[in-house]
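# Mind looking at a prediction? Sequence and model below.
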Amino acid sequence: MNTGQCLCGGVTWELAAEPFQAFNCHCKLCRKAHGTAFGTYWFVRPEEIRLTGGEDITVSYRSSHMLVRKFCGVCGSVVPYGGDVGDIAVAPGGCHDDGKPSDCNVFVPHGAPWHRVTGDLPCHDDYPLETGYPRVEEDPVPPPPPGIVRGWCMCGSVAFQTTDSYMRAWNCHCSRCRRGRAAAHSSDALIDLRHLQFTQGEDHLKSFRVPGARYYTQVFCDLCGSKMPHVDPEHGVAIVPLGILEDDPGVRPGIHVFVASMAGWHEITDDLEQHDGAPV
């Protein structure tokens, strides 16, 4: 039996069966929900999963005609959810044990411009036909003003923009990032705080700092759970989840860090530099 939990540990669950399918989803909504390059999902039948704690702190948000996403209202982690298709989607970044590797990549044409899909998994423009899941369309977004990179949450309540180059970007596989993002890894970029401006919805930002952590803080929209920038006034920087961006930031993740903590169901297939822990 596989078990899982959100970042704060308030929401917990048990899986009684092996997932019958697993996808890496590159659609915009999944990228915003997880704040990273793609969301990985295991699919199980409703009778094969049991929520063992925290139902009272979960928040629901209907992101499309077929999905009602759920996240922990305390820490923002994506937690298991269902929808109109009947199956339950479980983001395995929050699960404790190794499990089923992904079968394929879906919604690849909708992927982030800063992420390159590599490896041998089949790639699909939509859901694979054999799933029977209905197609999900993405609304086009007008181009940004020159020199502006925009980001906003799934529900549109929180929005921000950056006005200068990002310093650097990375993929982190540590257990905190995997559980917080409920994903294979986080994908973040660093920018000078002076060049980040929230344009609406700051009152909907909620944050959770892991007890005992010096810096690690997850920030999210309290309405839809989208991951948002963490402002660090002490160091004059902001850490921006790349998955939340609407526009190409220019920067690309250059390294994988904490790969010694990598999820057993995930495989790194690109040629980026890897570090077992933090880079020296």
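Done, it's in. As the structure is a computational prediction, the values presented were derived from the model and not from experiment.

# Touching, residue 64 and residue 29? I think so.
Yes - contact criterion CB atoms under 8 Å: residue 64 and residue 29 qualify, at 6.8 Å. Any C-beta I mention is one placed from the backbone N, CA and C, and that applies to glycine too.

# so which helix or strand takes in residue 139?
For residue 139, there is no enclosing helix or strand under DSSP states H and E.

# Neighbours of it, how many?
Using other CB atoms under 10 Å, residue 139 has 5 other residues around it.

# One more: residue 104?
Residues within reach of residue 104, counting by other CB under 10 Å, total 16.

# Which pLDDT does the model give it?
With respect to pLDDT, residue 104 has a value of 97.

# Need the pLDDT of the closest residue in space to it that isn't next to it in sequence.
The spatially closest residue to residue 104, leaving aside those adjacent along the chain, is residue 122, at 4.3 Å (CB to CB, 6 or more residues apart in numbering). We have a pLDDT of 97 for residue 122.

# So between residue 64 and residue 29, which is more surrounded?
Per other CB under 10 Å, whichever of residue 64 and residue 29 has more neighbours is residue 29, with 22 against 16.

# just to revisit the earlier point, which residues sit in contact with the residue nearest to residue 104?
By CB atoms under 8 Å, 6 or more residues apart in numbering, the contact set of residue 122 is 103, 104, 105.

# repeat for residue 255
Residue 255 is in contact with 170, 171, 272, 273, 274, 275, 279, counting by CB under 8 Å, 6+ apart.

# Show only the entries of these found in strands.
Residues of these located in strands (DSSP state E): 170, 171, 273, 274.

# Export the residues you listed to TSV and append columns for distance to residue 202, pLDDT and neighbour count.
Converted to TSV, these look like this (distance: CB to CB, whole Å; pLDDT from 0 to 100; neighbours: other CB atoms under 10 Å):
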residue	distance to residue 202	pLDDT	neighbour count
170	26	97	23
171	28	98	25
273	36	97	10
274	36	97	17
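
# Nearest to residue 115 among those?
Among those, residue 171 lies closest to residue 115 (CB to CB), at 9.4 Å.

# hey, what's the closest one bridged with?
residue 187, residue 256 (DSSP bridges).

# contacting residues for it?
Residue 171 makes contacts with 36, 37, 185, 186, 187, 253, 255, 256, 257, 272, as judged by CB under 8 Å, 6+ apart.

# which stretches of the stretch 51-200 of the chain form strands?
Secondary structure of the stretch 51-200 of the chain by DSSP state E, counting those that start in this stretch: the strands cover 58-62, 68-72, 78-79, 88-90, 104-106, 149-152, 159-162, 168-172, 186-192, 196-200.

# give me phi/psi at residue 244?
Here is the backbone geometry of residue 244 (degrees, to the nearest 10): phi -80, psi -10.
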